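any chance you could fold what I've pasted below:
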Amino acid sequence: MKQAAFPKLLSSQIAFDIARTILDGFDKHYRLFRQASQAARRYFESAEWPAAQQAARERIGFYDKRVQECVQVLEDEYDGSELTDSVWRETKLHYIGMLSGHKQPELAETFFNSVCCNILHRTYFHNDFIFVRPVISTEYIDTDELLPTYRVYYPAADGLHVALKRIVTNFQLDCEFAGLDRDIAQVEACLLQKLGGEPPEPNYQIQVLSNLFFRNKGAYVVGKIINGIQEFPFVVPILHNRHGQLVLDAVLLDHAQITILFSFTRAYFMVDMEVPSAYVQFLRTLLPRKPRSEIYTILGLQKQGKTLFYRDFLQHLKHTADRFEIAPGIRGLVMLVFALPSFPYVFKVIKDFYPAPKETTRAQIKEKYLLVKHHDRVGRMADTLEYSNVAFPAGRFSEALIAELMHHAPSLVEFEGDRIIIRHLYIERRMVPLNMFLANAEAAGNDALIEHGVVEYGNAIRELVAANIFPGDMLYKNFGVTRQGRVVFYDYDEIEYITDCNFRDIPQPRNEEEEMSAEPWYSIGKHDVFPEQFGAFLLGNAKIKKYFMQHHAELLTKDFWQSRKQRIMDGFIEDVYPYPQHIRFRHQAPASAPATPSPHLENLHHE
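The predicted model follows:
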């Protein structure tokens, strides 16, 4: 019987040292990532909201900084001639060995890819150089710390009220509760109603993730209840009241509400995770229809989210045959947008030139998208995935789309064999453009849907204003309607900070000549905005105008915008709740909330 040959022993010291350098770079990154997440708890306890927002913004840039640091070390240390194909292959094998027992192996593999892709040209990428698929399993990774990924509580022992109080107090927040027993009683009542009087089963238990989720002014308890075959998720927001005491503000039990809390339109959570894959696995049991890529992203691990998204996209291409086409809707002046009908995302390419009245550059547009990435999106701006040098199968592109790409963005398109390489693009969740939503509702004679779209549009504007964002181009075509029926902004090339805008009334004409002039007789600065003009562009349809004036007439006044700007400049951070007002225990709408909630519409699709 022939004896199997043993693999050649790894012998390159350079390969080992490179692997060690890359893993050290990742470990530094994740250590700083966790420190930022731990700081979020302290900021919450002391209600230091500006510091919390600044920390959340800075954390987004951690990954790229650490990658560039690592690339710089390797380029300074090694000559290009030393980094042969055999060295790169052996580097990967050494790296795999170093990941044995690691707590974040999937993230470390992605970091390795990022470093390699920054050093090597894409034509030199080989499957045995980088991690095309994960090598290290993330199943059942144990924590080294005393704190497990989640805690289990058994209400049958001392009662549900005691179990819920133990859950909250175990987080040991360094802040006084205003009335914890009162709040626990309200949570208990909601959970018992959800349980529907079912008797306790032998496996009756509550599982709660061991660390709180922090975002903006809130901390969130995330868990699920299991009783027999019944299992449902819950989330309890913890907020500060006006006296600086803590309150349990609500309990989220509806699947759609929890989905919106973890939406792609919101800022990333700050949560301390030793084993992130365990958190993702737990969250997938609460949100089984949300892909792992989106869960990693909403936890602030957006680079891992991008990696998983692209792997899912490649798998989708393998199992489908439809063609990429120009996306439906009004064509944009700045972006060329295309889509694959079977895939729930759109691909956006910045054009090479922009007709009047657009005055911008590719660099300025990229800065706007980066602004949104680092800003609090308050549930009203779509997150984007930014990619470079993406290869598509040319045979899957329609002739019309290829013609559009070559006409509008030839500098970004390259043909390589049977592939089309797009040098830079953004990918966003696909939504129904609001102008199409409203037109379809009117064609169907559905006034309730028209009202819903208009109310949601105004609510989106208000919440963007609360986050110091002026959309710039407020036309309906730049907003989309999600599967939950929420209106979201997604066109960022004219976005500005509210505090950079100068809101004005149109001056009264001084004489008949000025009154009859076709051109403005008054000076207009670069950042001047005249809210009373919005109606001319937005309210040409009688039904839309009726509902807009009923719910959002003040958006056409300078006073609304100027008062919000002044609040922001005074340092006030508005309350924007990622769940409906009516489920709050105190039912007190904040000053910044819209006066009228959107009507409940049964025919809107919920995830």
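
give me the domain ranges for this protein.
Using automatic domain parsing, the domain parsing of the chain gives 13-124, 150-316, 320-430, 433-583.

tabulate those (TSV), appending distance to residue 144.
From N, CA and C alone the C-beta is placed, and that goes for glycine too. Output for the domains of the chain, formatted as TSV (distance: least, CB to CB, whole Å):
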stretch	distance to residue 144
domain 13-124	7
domain 150-316	7
domain 320-430	32
domain 433-583	33
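
including mean neighbour count, mean pLDDT and distance to residue 132, could those domains go into a markdown table?
Formatted as a markdown table, the domains of the chain follow (neighbours: other CB atoms under 10 Å; pLDDT from 0 to 100; distance: least, CB to CB, whole Å):
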| stretch | mean neighbour count | mean pLDDT | distance to residue 132 |
| --- | --- | --- | --- |
| domain 13-124 | 17 | 92 | 9 |
| domain 150-316 | 18 | 95 | 8 |
| domain 320-430 | 16 | 93 | 13 |
| domain 433-583 | 17 | 92 | 31 |
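
roughly how far does the residue nearest to residue 497 when sequence neighbours are not counted sit from residue 573?
Take residue 497 and drop its neighbours on the chain: the residue closest to it by CB to CB, 6 or more residues apart in numbering is residue 468, 5.3 Å away. Distance from residue 468 to residue 573, counting by CB to CB, to the nearest Å: 9 Å.

next: residue 442.
Residue 442 is 38 Å from residue 573, by CB to CB.

pick out the residue closest to the middle of the chain.
For the chain, residue 264 is the residue whose C-alpha lies nearest the centre (CA atoms, centre = their mean; 3.6 Å).

just the element for it, please.
When secondary structure is defined using DSSP states H and E, no element contains residue 264, which sits outside every helix and strand.

pretty sure it contacts residue 294?
Yes. Contact criterion CB atoms under 8 Å: residue 264 and residue 294 qualify, at 6.1 Å.

dump the C-alpha coordinates for stretch 75-88 into CSV.
The C-alpha trace of stretch 75-88 is given here as CSV (Å, rounded to 0.1, in the frame of the first residue of the first chain):
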residue,chain,number,x,y,z
GLU,A,75,6.0,47.9,2.2
ASP,A,76,8.7,49.5,4.4
GLU,A,77,10.1,46.1,5.6
TYR,A,78,10.1,44.1,2.4
ASP,A,79,11.2,44.6,-1.2
GLY,A,80,8.6,43.7,-3.9
SER,A,81,11.0,41.1,-5.3
GLU,A,82,10.9,39.2,-1.9
LEU,A,83,7.1,38.8,-2.1
THR,A,84,6.9,35.9,-4.5
ASP,A,85,3.9,33.8,-5.2
SER,A,86,5.3,31.0,-3.0
VAL,A,87,5.8,33.5,-0.1
TRP,A,88,2.2,34.7,-0.4
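
list the contacts of that stretch.
12, 14-15, 17-18, 21, 116, 119-120, 126, 129 (CB atoms under 8 Å, 6 or more residues apart in numbering).

now the element after the one helix or strand residue 346 maps to, going C-ward?
Using DSSP H and E, residue 346 sits within strand 345-350. Later in the chain than strand 345-350, the nearest helix or strand by DSSP H and E is helix 362-374.

by how many degrees do the next helix or strand after that following helix and helix 362-374 diverge?
Note on helix 362-374: by DSSP H and E, the next helix or strand toward the C-terminus is strand 385-393. Angle, strand 385-393 to helix 362-374, by axes from the mean of the first three to the mean of the last three CA atoms, to 10 degrees: 120 degrees.

what pairs with strand 385-393, and is each one parallel or antiparallel?
strand 419-429 (antiparallel) (DSSP bridges).

what angle sits between the strand it pairs with and strand 345-350?
Going by the same axes, to 10 degrees, strand 419-429 makes 110 degrees with strand 345-350.

ok, and what's touching strand 419-429?
Outside strand 419-429, the residues that touch it by CB under 8 Å, 6+ apart are 122, 264, 309, 344-350, 369, 382-394, 397, 402, 405, 411-415, 482, 490.

now stretch 93-105
For stretch 93-105, contacts defined as CB under 8 Å, 6+ apart pick out 10, 15-16, 18-20, 22-23, 26, 30, 108-109, 112, 134-138, 141, 143-144, 274-277.

in helices only, show me the residues you listed.
15-16, 18-20, 22-23, 26, 30, 108-109, 112, 276-277 (DSSP state H).

can I get these in JSON lines with distance to residue 250?
Shown next, in JSON lines, are the ones in helices among the contacts of stretch 93-105 (distance: CB to CB, whole Å):
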{"residue": "15", "distance to residue 250": "54"}
{"residue": "16", "distance to residue 250": "53"}
{"residue": "18", "distance to residue 250": "51"}
{"residue": "19", "distance to residue 250": "48"}
{"residue": "20", "distance to residue 250": "48"}
{"residue": "22", "distance to residue 250": "44"}
{"residue": "23", "distance to residue 250": "43"}
{"residue": "26", "distance to residue 250": "38"}
{"residue": "30", "distance to residue 250": "33"}
{"residue": "108", "distance to residue 250": "38"}
{"residue": "109", "distance to residue 250": "39"}
{"residue": "112", "distance to residue 250": "42"}
{"residue": "276", "distance to residue 250": "27"}
{"residue": "277", "distance to residue 250": "29"}
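
shared neighbours, residue 468 and residue 573?
Residues touching both residue 468 and residue 573 (CB under 8 Å, 6+ apart): none.

grab the nearest non-local neighbour of residue 365.
Nearest non-adjacent residue to residue 365, counting by CB to CB, 6+ apart: residue 493, 4.9 Å away.

and residue 216, by the same measure?
residue 376 is the one closest to residue 216 (CB to CB, 6+ apart), at 6.4 Å.

relative to the helix or strand encompassing residue 338, what are the paired strands and their orientations?
Under the criterion of DSSP H and E, residue 338 resides in strand 335-339. Paired neighbours of strand 335-339 in the sheet (DSSP bridges): strand 325-326 (antiparallel), strand 345-350 (antiparallel).

ok now it, how far from the chain's centre?
Put simply, strand 335-339 sits 20 Å off its chain's centre (CA atoms, centre = their mean, to the nearest Å).

what residues does it touch?
324-327, 329, 345-351, 401, 404-405, 408-409, 430, 491, 493.
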